[in-house]
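> Give me coordinates for this.
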Amino acid sequence: MSIIQSEVFEPYAQALMSLAQEHNLTEQIGEDMRGILNLMKESPDLAQFIGSPIIKESDKKDALGQILGDSVQPYTRNFLMLLIDRRRIPFIEGIANYYLTLLRKLNQTVLAEVTSAVPLNEAQQEGVRNKVKEITSAQQVELETKIDADLIGGVVIKVGSQVLDASLRGQLRRIGVRLGSNS
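Numbering: from 1, shown residues only. This is a model prediction of the structure:
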């Protein structure tokens, strides 16, 4: 674990988790954290704006207040304002991700990073979830999907340090290695 993770991400995420558990809002605040992460990914300008040391804290608060409106829990809003006050808002993505890690641990859920050549339909996603449950013995599986046309077909599933490569590219690579070792 890096120094920034242990000194910044962890204490803030732990504090938010404690607050969420105390008020039975772990899932709702988890949804807020996912929403904030999506917002930062979709709007690099916003991420740069709230992370800038040049922008006044009051301007950051106003901007986040207008963007989020009433779409987040009041505790989430207050937490974001606290991060701005303490000049920790540039770390919001790391803190949000760490909170989601804590939430998955609490719910006995694993995160599976799934890369496929084309978007997976609901039945395919359910098949991946079942396979991951079988491999990991987790109660629930959260999917993070990515598209990589270079895979040609199939999927690559990563859970922690475990990688299951069921892509056509991976199969072709393995065939190539076997053919190469036979000559």
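
> Could you report the distance from the residue nearest in space to the middle of the chain to Thr76?
By CA atoms, centre = their mean, the mean C-alpha position of the chain lies nearest to Asn97, the distance being 5.3 Å. Per CB to CB, to the nearest Å, Asn97 is found 15 Å from Thr76. Where you see a C-beta, it was placed from the backbone N, CA and C, and this is true even at glycine.

> which residue sits closest to the residue nearest to the centre of the chain in space, ignoring its chain neighbours?
Leaving aside its sequence neighbours, Asn97 sits nearest to Leu37 (CB to CB, 6 or more residues apart in numbering; 7.0 Å).

> for Thr136, same thing?
That would be Val110: by CB to CB, 6+ apart, it lies 5.2 Å from Thr136.

> quick check: domain ranges of this structure?
Listed domain ranges for the chain are 3-105, 109-180 (source: the TED database).

> Most tightly packed of those domains?
The highest mean neighbour count among the domains of the chain, using mean count of other CB atoms under 10 Å, belongs to domain 3-105: a mean of 16.

> could you give the mean pLDDT of it?
Mean pLDDT, domain 3-105: 91.

> tell me how far it is from the chain's mean position?
13 Å (CA atoms, centre = their mean, to the nearest Å).

> how about Pro53, what does it touch?
Arg87 (CB atoms under 8 Å, 6 or more residues apart in numbering).
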